[in-house]
Every structure is written in C-alpha cells, then in structure tokens.
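Participant: got a structure for you, letters missing:
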Ligand SMILES: Nc1ncnc2c1ncn2[C@@H]1O[C@H](COP(=O)(O)OP(=O)(O)OP(=O)(O)O)[C@@H](O)[C@H]1O
C-alpha cells in the first residue's frame, strides 16, 4: 500500500478524474446487485407458482436496464482510470528522459544504457499499472465487496453472510505473505532484465567488431547464458505468482461449500427462501472478482513499488553540473582565459591536467597537440562544462564559464567531437540539428565550409537523403565533415575541432582549414590534431604531455626547438 502514498502527489493532481472514475465504479457495483436479486425473485415467484407474464416483463425490464447501466458505467470508469494511468506514464517518461539528457558524463559511466532503458520501459509500465489496474482493483474490492456484503446482509441473512465470508481474512493473509516474497523476486528479475538489455545493446552496437573477430558463437553463448539466468529468476517470480490464483480459487470454493451447506440448512429452517439462496450465490459470484483482485492487487502494488523506487533512485541522482542560480545569459567578446591548476576525473586517482594555462584572444587559432592520452580532449571537456569540479578558473569574456547558463555557453561554442554521430534523419536535418529554423541556404553554406557540399549533392536525394540507422551509410570522412558543417551552421564564436578530421585525407583537411580561415565568419578556433599540418597555421600551439604543457609557440619556432614537436614534424614529413 506504500506505493499509493508515494504516488499521492499524482492522485491528488488527478483527483477529479479518479473521483469520477470511482463514482462510476460505485454505480457499476450498484447495478451489479440488481440482477442476482431479480433472478432470486424470479425463482421465488416460480417456486410459489405466482409467476405471471407481467412479472416476467417487469423482471426482464429490470435486468435489461441494469445490464445497460453496467455497459455505460464500465465504459466511463475505464476511460477515466485508464486515462489517468496513461497520464502518469507520460509524466514519468518525460521526467526520466529529461533527467537523462541533463545528467553529466559520470552518470553514463555509472549506469549502463540497458539499465537506463529498462527503467524507461518495464519499470514505468509497472508503475503505470498501479495507477490503472491497481487503483481499479483497490477501489473495486472495497466498493463491490462492500456493497455486495451489505446487500447479502439486507436482502438475505446476516448469519449466512458472516459464515460465508469467514475465509476472506485467509485471502488477505495469503496475499500479504506471497506479495512480500514476490517483491524480492521481482526486484531480482528487473535487475536481470537490465543486464540482459545491456548485453543486447552492447552486442548490437559492437556487431561489426564481433563479426570481424569471428566471435558470433562465443557471443551467442554468452547471450544464452544471460537469457537462461533471466529466465531462471523469472521462473521464481512465476512460481510465486502462480500460487496466487489456485489459492484464491480454493478459498472461493470453500466459500461456495459453506454457502450451500449453511444456506440449505436455513431454507429447511424456513429462515430464507430458495430465491434468496440463489440471489446469495449470485452475490458470492459478484465477490469472486474483488477477491481475486485483492490477490492480484498485492502483486501489482509490490511490482509498482519496486519499480517506483528504482525510477526515483535514478531521478534523485543529482547532476554534477549545476546551473548557477543567477546565471549570466549573455556572453560578449569571447576571449578565452584557461587556467587549470589541477583536474582529476571524479572516478580517477591521478590529476589528468596540471598547471595548464593559455589564453585565446577572440579571432585567433590555438593548436593543441601531444601524445595519445596526454589530456587534449580533457581540456575541451572542461570548456564544454562536462565537469565543473577543478582547481583553477576558466574564463570566457572575462567571466568564469560556470557563471553562464549552459545554453549561453554552449551557443557560443561549436564543437566537433572525435567520433561523429549522425541521427536517423535527412542530411539537411543532421546539419541544422542545433536549430531547425536554419534555412537551406545557411545549411549549404556550412556544408561548403566543411567541404561536404559536393558529396551531398551527389547523393540520390541530395540534402534530403536519409542517413543514420534508417538511411544510407556515409563514409567516416563524410560523417566527420557533416559534423563540422553541423557545428559551423550555428556560427559559433569559438569553434573546437577535436581530432575531427582524422578520417579525412590530407588535401581535404587543408581545404577545410583554408575555408575556415578565409570564408567563415570571425571566430576563435581550437584545433586538436594528431597531424601537425592541421595546426601549423595556428597563432599559438601548445604541446601536452601527461597533462602538462611541455612546449608552446608558433609552428616556425617550435620546429626549430629540440623536443616532441620538432621530432614529430620530422617524422610526419617523411610520411608525406
Ligand atoms: N571520463 C574519464 N574518466 C576517467 N579518466 C578519463 C576519462 N576520460 C579520459 N580519461 C583519462 O584522462 C587521460 C587524458 O585523456 P584525454 O582523452 O584527454 O587524452 P587525449 O590527449 O585527448 O587522448 P587522444 O589523443 O587519444 O584523444 C587519459 O589517461 C584517459 O584515460
């Protein structure tokens, strides 16, 4: 029942809908009482040989009216209560999705995608069931159960009623004991399902690697092992779940036996008539659903409770990136002043950046080079506010970047990551992803700057060609250039290219850097690259090693100094 308390905020908000639903449930329960009584009356008149055509017409009219009433009332409560459940589903789904989109990088390192997906699917369905079938069962058990028992007492006999409902407390006891067991097993089943989703998702994403290394058999074996484990745990859930119906059926059967035995005795004693006993059996039939429902109710509530806790635990995880309460909404001349004394990843042991300091006046270009893993991309992650906790200060336009709203900061920056991702939509939509209001002319201009316009024109449907999972596959270099166009289309004041031309040939790369220098609107540019040719025209180049700047200067100066830059330049010259 705790889940009702947890969802009180929702039921209170939707009180009108639920009150109307419950009112119609009440009317359904009342109309349910009429038919057994009418049949009982029919039996009595027939037994006493008093049945006339008038009586028959009267009874048929009553039964028809009650049946029609039930039809309308059932339709009405279904609409109300099911509508409420759908609304809860919508709210939880968008709350979770919004939360996921706003979480920091460490969140996605802590939780695997399959697990996050499971919370969006299975868990939400389990909670939705509480607001739908759960509320229905709860209200119906009380309303139908209550009105039926009152009718049994008023229209038949209070002693028969008391004796017939003796088995009911056993039903509640059974539901409580099995429900608790079910709760534990269900939590394990959900965790196993999450793991299986993770496995499926990972195999689908890594399908090319699996095939290239001929690991299909091993992967299927691993998958089957996880499926078997999930099935074994689900079997335990079903084992307990399966006990509900027969136990409930047994208790109801017992009620019928008591009714027939004690009811026959009362007829012989002339305390009740045959018609009353027939009506009573009808009422017991009316009680069958609320009784079953109580058993089911505990099941639905326990599942919903476990799932709601899982959803809430995720929703309560705060993002490490906090929006400043009086965030600055405008950013003027975006001169960059980067001064990090020390930065360690939240789950790391050693600082990844130490004493990294540089400035980038608006309009200039900075090249960042260095060994693999030396901390180049980390600089960018801090600039993009993927992590806010560090010793030092990063200023843009003279202010701490953490003082700007994230929107303002990210609107200023155009970022092209190492691995490009295309959405399943047209090339045009992929380029104008940051702002769908961008017109085709602007899209094409950005594509020209990224040296991808001609490639797009050559596609079957040009800019309207579908790419991504549902469309054609572009080459690695084409994807990178579409990503560059995507960053350029919003005319950022700071453009960051994080090794984003690695799959592009040297000639095209030169073309792109030339375009950016001569044809793009004025902007600052940060280029991270393994190829020194990409940064040779930069106003300033820094060389990183183990998170520290070991060399800095212009290309012409750096090639004269003995060190990593000159060595690398020599080596790369030989390869051209
Ligand atoms: N999210 C993270 N959590 C913990 N450590 C990380 C994380 N991301 C990167 N690192 C570590 O930080 C160090 C610097 O990584 P970074 O990606 O900045 O290097 P890089 O110079 O850009 O490398 P590459 O040239 O391969 O892209 C590496 O040792 C890396 O393992």
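Facilitator: Received the coordinates, thanks. Treat the numbers as computed from the prediction; the structure is a model and nothing was measured.
Participant: any idea how far the helix or strand containing residue 9 is from the chain center?
Facilitator: Per DSSP states H and E: residue 9 is located in helix 8-13. In terms of C-alpha atoms, centre = their mean, to the nearest Å, the centre of helix 8-13 is found 21 Å from the chain centre.
Participant: count of neighbours near the closest residue to residue 40 other than its chain neighbours?
Facilitator: Nearest non-adjacent residue to residue 40, counting by C-beta to C-beta, 6 or more residues apart in numbering: residue 279, 3.0 Å away. Heads up, the C-betas are built off the backbone N, CA and C, glycines and all. By other C-beta atoms under 10 Å, 27 other residues sit near residue 279.
Participant: state the distance from residue 279 to residue 157.
Facilitator: Going from residue 279 to residue 157 by C-beta to C-beta, to the nearest Å gives 11 Å.
Participant: and if you look at residue 34?
Facilitator: 19 Å.
Participant: so for these two, which residue has more residues nearby?
Facilitator: Using other C-beta under 10 Å, the more surrounded residue of residue 34 and residue 157 is residue 157, with 20 against 17.
Participant: pretty sure that one contacts residue 272?
Facilitator: Yes - with contact defined as C-beta atoms under 8 Å, residue 157 counts as touching residue 272 (5.3 Å).
Participant: can you list residues touching both of the two?
Facilitator: The overlap between the contact sets of residue 157 and residue 272 (C-beta atoms under 8 Å, 6 or more residues apart in numbering) consists of 266, 280.
Participant: what does the protein have sitting close to the ligand?
Facilitator: Contact residues, the chain versus the ligand (C-beta under 6 Å from any ligand atom): 105, 345, 347-348, 352, 370, 372-378.
Participant: in helices, which of those fall?
Facilitator: Using DSSP state H, the members of these that fall in helices are 105, 376-378.
Participant: after whichever strand or helix holds residue 509, next one along is what?
Facilitator: Element membership for residue 509, per DSSP H and E: helix 506-518. With elements assigned by DSSP H and E, the helix or strand that comes after helix 506-518 is strand 524-528.
Participant: give me the average confidence score over the following helix or strand past that following strand.
Facilitator: Per DSSP H and E, the first helix or strand lying C-terminal to strand 524-528 is strand 540-545. For strand 540-545, mean pLDDT is 95.
Participant: what residues are up against residue 534?
Facilitator: 367, 501, 509, 513, 527.
Participant: this structure: strands as residue ranges?
Facilitator: Assigned by DSSP state E, the chain shows strands spanning 336-343, 353-360, 365-370, 391-396, 399-400, 413-416, 494-498, 524-528, 540-545, 548-553.
Participant: can you list those in TSV and add mean neighbour count?
Facilitator: Below are these laid out as TSV (neighbours: other C-beta atoms under 10 Å):
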stretch	mean neighbour count
strand 336-343	19
strand 353-360	18
strand 365-370	24
strand 391-396	18
strand 399-400	14
strand 413-416	23
strand 494-498	23
strand 524-528	24
strand 540-545	21
strand 548-553	17
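Participant: dump those to JSON lines, plus distance to residue 47.
Facilitator: Converted to JSON lines, these look like this (distance: least, C-beta to C-beta, whole Å):
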{"stretch": "strand 336-343", "distance to residue 47": "92"}
{"stretch": "strand 353-360", "distance to residue 47": "95"}
{"stretch": "strand 365-370", "distance to residue 47": "99"}
{"stretch": "strand 391-396", "distance to residue 47": "93"}
{"stretch": "strand 399-400", "distance to residue 47": "92"}
{"stretch": "strand 413-416", "distance to residue 47": "87"}
{"stretch": "strand 494-498", "distance to residue 47": "91"}
{"stretch": "strand 524-528", "distance to residue 47": "95"}
{"stretch": "strand 540-545", "distance to residue 47": "100"}
{"stretch": "strand 548-553", "distance to residue 47": "102"}
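Participant: from the centroid of the protein, which residue is nearest?
Facilitator: In the chain, the residue lying closest to the centroid (C-alpha atoms, centre = their mean) is residue 120, at 3.2 Å.
Participant: that one is in contact with residue 94, isn't it?
Facilitator: No - using C-beta under 8 Å, residue 120 is not in contact with residue 94; the gap is 10.4 Å.
Participant: grab the longest helix from this protein for me.
Facilitator: For the chain, the longest helix by residue count, based on DSSP H, is helix 216-268.
Participant: let me know the pLDDT of residue 295.
Facilitator: On pLDDT, residue 295 comes in at 66.
Participant: same check, this time on residue 528
Facilitator: For residue 528, the pLDDT comes out at 93.
Participant: quick one: contacts for it?
Facilitator: Shown in contact with residue 528 (C-beta under 8 Å, 6+ apart): 367-369, 376-377, 380, 496-499.
Participant: residue ranges with poor pLDDT in this structure?
Facilitator: Applying pLDDT under 70 to the chain flags the ranges 292, 295-296, 469-472, 575-576.
Participant: now do the same end-to-end measure for stretch 105-121.
Facilitator: 22 Å (C-alpha to C-alpha, to the nearest Å).
Participant: I should have written stretch 264-273 there, sorry.
Facilitator: For stretch 264-273, the end-to-end distance is 9 Å (C-alpha to C-alpha).
Participant: pretty sure residue 267 is touching residue 274, no?
Facilitator: Yes - with contact defined as C-beta under 8 Å, residue 267 reaches residue 274; the gap is 6.2 Å.
Participant: more neighbours, the two?
Facilitator: residue 274 (16 against 13).
Participant: how about the contacts made by that one?
Facilitator: 43-44, 47, 267.
Participant: rerun that using 10 Å as the cut-off
Facilitator: Neighbouring residues of residue 274 by C-beta atoms under 10 Å, 6 or more residues apart in numbering: 40, 43-44, 46-48, 263-264, 267.
Participant: with distance to residue 518 added, can I get those in TSV?
Facilitator: Putting the contacts of residue 274 into TSV (distance: C-beta to C-beta, whole Å) gives the following:
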residue	distance to residue 518
40	96
43	99
44	102
46	102
47	105
48	107
263	99
264	103
267	105
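Participant: the residues you listed, buried ones only, as a ChimeraX selection?
Facilitator: Buried residues among these (16 or more other C-beta atoms under 10 Å), as a ChimeraX selection:
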select :40,43,44,263
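Participant: closest one of the contacts of residue 274 to residue 191?
Facilitator: Nearest to residue 191, judged by C-beta to C-beta, of the contacts of residue 274 is residue 263 at 50.1 Å.
Participant: tell me if I'm right that the closest one and residue 278 touch.
Facilitator: Yes - Residue 263 is in contact with residue 278 according to C-beta atoms under 10 Å; the separation is 9.5 Å.
Participant: which of the ones in helices among the residues of the chain next to the ligand sit farthest apart?
Facilitator: Farthest pair in those (C-beta to C-beta) is 105 and 376. Separation: 16.4 Å.
Participant: compare these two and say which is more crowded by neighbours.
Facilitator: More neighbours surround residue 376 than the other of residue 105 and residue 376, with 24 against 14 (other C-beta under 10 Å).
Participant: quick one: residues contacting that one.
Facilitator: 353, 368-370, 418, 498-499, 526, 528-530, 542-544, 547.
Participant: with residue 337 instead?
Facilitator: Counted by C-beta under 10 Å, 6+ apart, residue 337 has contacts 357-361, 393-401.
Participant: can you give me the distance of it to residue 383?
Facilitator: 11 Å.
Participant: how close does residue 52 sit to residue 278?
Facilitator: Distance from residue 52 to residue 278, by C-beta to C-beta: 19 Å.
Participant: out of those two, which sits in the more crowded spot?
Facilitator: Legend: neighbour count by other C-beta under 10 Å for residue 52 and residue 278, higher for residue 278 (20 against 9).
Participant: wait, that one sits on residue 35?
Facilitator: No - with contact defined as C-beta under 10 Å, residue 278 does not count as touching residue 35 (11.3 Å).
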